[in-house]
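[1] Kindly return the folded structure for what I paste below:
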Amino acid sequence: MGLVTAPGTSLNSDIADRLKRDERGLVPAVVQQHDTGEVLMVGWMDDEALRRTLTTLRTTFWSRSRQEYWVKGDTSGHRQLVKQVRLDCDGDTLLVKVDQEGPACHTGNRTCFDAGLLPLAAVDGG
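    Next comes the predicted model:
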């Protein structure tokens with residue numbers, strides 16, 4: 001993929017060794033409001049995006065469509081201030097707990113999960 005990392009900087013090897021990345025070197029990052037538990041969005045991180053997130057305390061993602069890093073809020077002003085980052089038991093998903101300033105979704109909604117409530121089908125047991 002050829003992602004660029006600044007000279008002399010890298011993700012801590014203790015963390016990097018625990019990550020199970022996809023074929024593009026990415027791990028999904030579920031972003032959650034730290035105090036309410038509300039799920040805000042999902043983004044993708046590689047080692048460098050995670051390193052930046054952990055060191056700047058601002059969520060940094062890898063854009064699969066633009067092939068570049070982006071920091072949530074740099075253009076919208078709707079920043080995510082990182083409070084905690086957790087790795088799941090399999091090492092293949094991150095949970096990033098943040099304090100969200102303004103809407104998290106590019107549509108202007110508080111969360112990216114506001115628009116898609118799916119109906120649950122009743123299961124016939126007989």
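[2] so what does the top helix by length along the chain touch, helix or strand wise?
    Of all segments of type helix in the chain, defined using DSSP state H, the longest is helix 47-56. Secondary-structure packing of helix 47-56 (3 or more Cβ pairs under 8 Å, 6 or more residues apart in numbering; DSSP states H and E): helix 13-16, strand 60-63, strand 68-71, strand 80-87. Bear in mind the C-beta positions are built from the backbone N, C-alpha and C, glycine included.
[3] Correct me if wrong: Pro28 contacts Asp90.
    No - no contact is recorded between Pro28 and Asp90 when judged using Cβ atoms under 8 Å, the distance being 11.6 Å.
[4] more neighbours, the two?
    Pro28 (14 against 8; other Cβ atoms under 10 Å).
[5] circling back to that earlier point, the longest helix of the chain vs strand 80-87, what angle?
    If you take axes from the mean of the first three to the mean of the last three Cα atoms, to 10 degrees, helix 47-56 sits at 120 degrees to strand 80-87.
[6] And Arg79, how far from Val42?
    17 Å (Cβ to Cβ, to the nearest Å).
[7] Helix or strand: which one has the spatially most central residue of the chain?
    Among the residues of the chain, the one closest to the centroid is Ala29, at 3.1 Å (Cα atoms, centre = their mean). Assigned by DSSP states H and E, Ala29 belongs to strand 27-33.
[8] mind listing what's buried in stretch 43-62?
    Neighbour-count burial for stretch 43-62 flags 43-53, 58-62 (criterion: 16 or more other Cβ atoms under 10 Å).
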